[in-house]
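**Q** Provided below are the primary sequence and the corresponding predicted coordinates.
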Amino acid sequence: MPTMVDLNDVAKRYGDGPLVLDGVSFRAEKGDLISLIGPSGCGKTTLLRLIAGLSPLSAGSLAVEGRAPSIGSREIACVFQDPTLLPWLTIQKNVELPLRLRGVSTAEREIVAQRMLSLVRLSECAQRYPRQLSGGQRMRASIARALSLSPDILLLDEPFGALDEMTRAHLNEELLDIHRQEAWTGFFVTHSVAEAVFLSNRILIMRANPGRIIHEISVDLPYPRTEQTRESGAFLSLVGRVSSLLRAAEPLPA
Amino acid sequence: MSKPGKRILTFALPAIAGILFLAVWYGVRAMMSEDQKFLLPSPVEVLSAFGEHRSVLLHASLNTLEGALIGFSAAIVISLLLALVLSLSPLVRASLYPYLMLLQMTPVIVIAPIILQWARPGLPSVSIITFLICFFPLVVNTTQGLISTDRNLVDLFRLYGANKRQEICLLRLPAALPYFFTGLRIAATLGPIGAIMGDFTAGSSAGDGGGLGFQAIIFSSQLKMAALFATAMTGCLLGFVFVAGVVFLGWWTLHHWHDSYHRADS
Ligand SMILES: Nc1ncnc2c1ncn2[C@@H]1O[C@H](COP(=O)(O)OP(=O)(O)OP(=O)(O)O)[C@@H](O)[C@H]1O
Ligand SMILES: [Mg+2]
């Protein structure tokens, strides 16, 4: 398995503020779906921004597919916490946007966008505007847009945070389905332990002040995972184990 | 209240207010002595003044409209260019905003005589005065729009390797449109006022004649009160057409996507 992302003793501070990340090291192999979980403010979003090349490191080293991350490279796509769709473009045009910015021809990007929209089951909504979609549909459009570049690495920052449990569970299964078909390496930030266990093959548990990875759990549940997976004993015991490690990382205020 | 009841009321109330207004108008006239009455012509007299002077008023309106449109359009183009420059950096804004403020603070009525020395009276002066009045709200709002782009969207564009031109054309300009139209609506209410005021101070009957402001001076010197009232109302109508045009343009551009054109439940 080739190494897709390699972080070595990475530290980050904004300006001359305190260290937000300190001594962060890990490797992601091709096809990994890694969940990042930890208390609010522990630097999960920051970590994704470093990997995306949106923000520079303060110390340490980071290699994406063997090179320093460069902005605008084709291999990384990102799904932000909000759908961040352009409200003045139709869903179809939104999904085409990354290709348009790369100068791909209209005909070609229309074909790709339609394929991505059917992948996230939004084909009927292609000609609508973002405001005419539900929160879950917008999120799916945002995922379709990220996938349109056929990225090697997909960064997802709490994409389903604002959705209800049912929609969320449904989108989790869809995401796994897409992952099986498209085989990117994924980083998935979430606050839900169950979601982390259900989706990923590895979970990184983080602590705040400064942000560090304090545990790594591998999730050995077989893919494809389904509704039955959620009810299995192995799943539930993993959820229990991650939850207690997380509680230890995040001591409740006295 | 029931829905039809409410609907009737939304039509009835302005009608009632209008009738009350006319009643007060006639009431005040009734209280005036005969030799004061010329100060306040009756609505009927105003209407007939409209009829009597309609070709003069129409001609003056078109002249005013021309000046207003030229000044307004120039203000749009130049404010857009300046807003793009101002949106480049806080440093640029900090160095230029004080002078923009100064320009805005100076009363146009005082600048008008200066303009009149620099440009020919009539259309050139009127256009410049309109431009000066429309310019500021457009620059300020458009600049605000250009620098208020959602940070996440800017990151998105960076992530996908957008160049500066793409960032401006595909992101910053469309995102600034609602702000631009806010400025445009303010400018549209000011534009005809500016043109009429400009015409009042810098108008000229040379060539094909003056605008509404110039016509007001003529009627005033002739003590034609009813005609003055008719002129005022023509100006009001002109302003209304201007604003309505801009409101329609805003609706046409934004209604597909902007939340301000949609109620929460529609
Ligand atoms: N642009 C910035 N400038 C200065 N400090 C920042 C900036 N962005 C984040 N921080 C700080 O860095 C720390 C980590 O922020 P980050 O957004 O990465 O946390 P997070 O783990 O994603 O939190 P959450 O779960 O609430 O989204 C926080 O203390 C935050 O205040
Ligand atoms: Mg975050």
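**A** Looks like it came in fine. Numbers count the residues shown, from 1 in each chain, chains lettered A, B, ... in the order given. Ligands and ions are numbered 1, 2, ... in the order given.

**Q** In three-state terms, how would the spatially most central residue of chain A be classified?
**A** What sits nearest the mean C-alpha location of chain A, by CA atoms, centre = their mean, is A:Leu156, with 1.9 Å. Secondary structure for A:Leu156, judged by DSSP: H, G, I helix; E, B strand; the rest coil, is strand.

**Q** Quick check: it touching A:Phe188?
**A** Yes - using CB atoms under 8 Å, A:Leu156 is in contact with A:Phe188, at 4.8 Å. In this view, the C-beta of every residue, glycine as well, is placed from N, C-alpha and C.

**Q** Return every residue with contacts to both of these two.
**A** Contact with both A:Leu156 and A:Phe188 is made by no residue, according to CB atoms under 8 Å, 6 or more residues apart in numbering or on different chains.

**Q** Distance of the residue in the stretch 101-250 of chain B positioned nearest to ligand 1 relative to B:Val92?
**A** Per CB to the nearest ligand atom, B:Arg151 is where the stretch 101-250 of chain B lies closest to ligand 1, at 9.0 Å. Going from B:Arg151 to B:Val92 by CB to CB, to the nearest Å gives 20 Å.

**Q** Burial check on the closest residue to chain A within the stretch 151-266 of chain B, number of neighbours?
**A** With CB to the nearest CB, the shortest gap between the stretch 151-266 of chain B and chain A falls at B:Gly161, namely 2.3 Å. By the measure other CB atoms under 10 Å in any protein chain shown, the count of residues near B:Gly161 is 16.

**Q** now the residue lying closest to it once chain neighbours are set aside, what's its secondary structure?
**A** Once flanking residues are discounted, B:Gly161 sits nearest to A:Gly72: 2.3 Å by CB to CB, 6 or more residues apart in numbering or on different chains. Taken by three-state DSSP, the conformation at A:Gly72 corresponds to coil.

**Q** Next to ligand 1, which bits of the stretch 1-150 of chain A? Give me the list.
**A** Within the stretch 1-150 of chain A, the positions near ligand 1 by CB under 6 Å from any ligand atom are A:14, A:17, A:20, A:40-46.

**Q** Just to be sure, which of those residues are found in strands?
**A** Using DSSP state E, the subset of those located in strands is A:Val20.

**Q** roughly how far is the helix or strand harbouring A:Arg168 from the heart of the chain?
**A** A:Arg168 is part of helix A:165-182 when elements are defined by DSSP states H and E. Put simply, helix A:165-182 sits 12 Å off its chain's centre (CA atoms, centre = their mean, to the nearest Å).

**Q** Which stretches in the chain count as helices?
**A** Just so you know, I chose chain A. Along chain A, the segments classed as helices by DSSP state H run A:44-52, A:91-101, A:106-119, A:135-147, A:165-182, A:193-199, A:227-231, A:233-249.

**Q** Can you look at chain B instead?
**A** B:3-31, B:43-52, B:54-86, B:90-105, B:108-118, B:123-147, B:151-159, B:164-166, B:173-202, B:212-221, B:225-254.

**Q** now the second one against helix B:3-31, angle please.
**A** In this structure, helix B:43-52 runs at an angle of 90 degrees to helix B:3-31, with axes from the mean of the first three to the mean of the last three CA atoms, to 10 degrees as the basis.

**Q** quick one on the thing from earlier: how about the helices of chain B, which one is nearest A:Val24?
**A** Distance to A:Val24, taken as CB to CB, is lowest for helix B:151-159 among the helices of chain B, at 20.8 Å.

**Q** got a list of contacts for the closest one?
**A** A:49, A:52-54, A:71-72, A:76-78, A:80, A:82, A:84, A:86, A:101, B:166-167, B:170-171, B:175.

**Q** just the buried members of those residues?
**A** A:49, A:52-54, A:76-78, A:80, A:82, A:84, A:86, A:101, B:166-167, B:170-171, B:175 (16 or more other CB atoms under 10 Å in any protein chain shown).

**Q** Narrow these to those in strands?
**A** Per DSSP E, these map to strands at A:76-78.

**Q** of all of the stretch 1-150 of chain B, which residue lies closest to chain A?
**A** Per CB to the nearest CB, B:Asp150 is where the stretch 1-150 of chain B lies closest to chain A, at 7.1 Å.

**Q** Can you tell me how far that residue is from B:Gly183?
**A** 20 Å.

**Q** how many other residues sit next to B:Ile114?
**A** 10.

**Q** Now do the contacts for A:Gln72.
**A** Check again: residue A:72 is Gly, not Gln. Contacts of A:Gly72 by CB under 8 Å, 6+ apart are B:158-162.

**Q** And it, how close does it get to B:Leu88?
**A** On the measure of CB to CB, A:Gly72 and B:Leu88 end up 21 Å apart.

**Q** For A:Ala59, give the beta-bridge partners.
**A** Taking DSSP bridges as the rule, A:Ala59 bridges to A:Ala11.

**Q** Just to check, it is in contact with A:Leu19?
**A** No - taking contacts as CB under 8 Å, A:Ala59 lies outside contact range of A:Leu19: 9.2 Å.

**Q** Flag every buried residue along the helix or strand bottoming out on mean pLDDT in chain A.
**A** Every helix and strand of chain A was ranked by mean pLDDT, DSSP states H and E. The lowest is helix A:165-182, at a mean of 87. Buried residues in helix A:165-182, counted by 16+ other CB under 10 Å: A:167-169, A:171-173, A:175-176, A:178-179.
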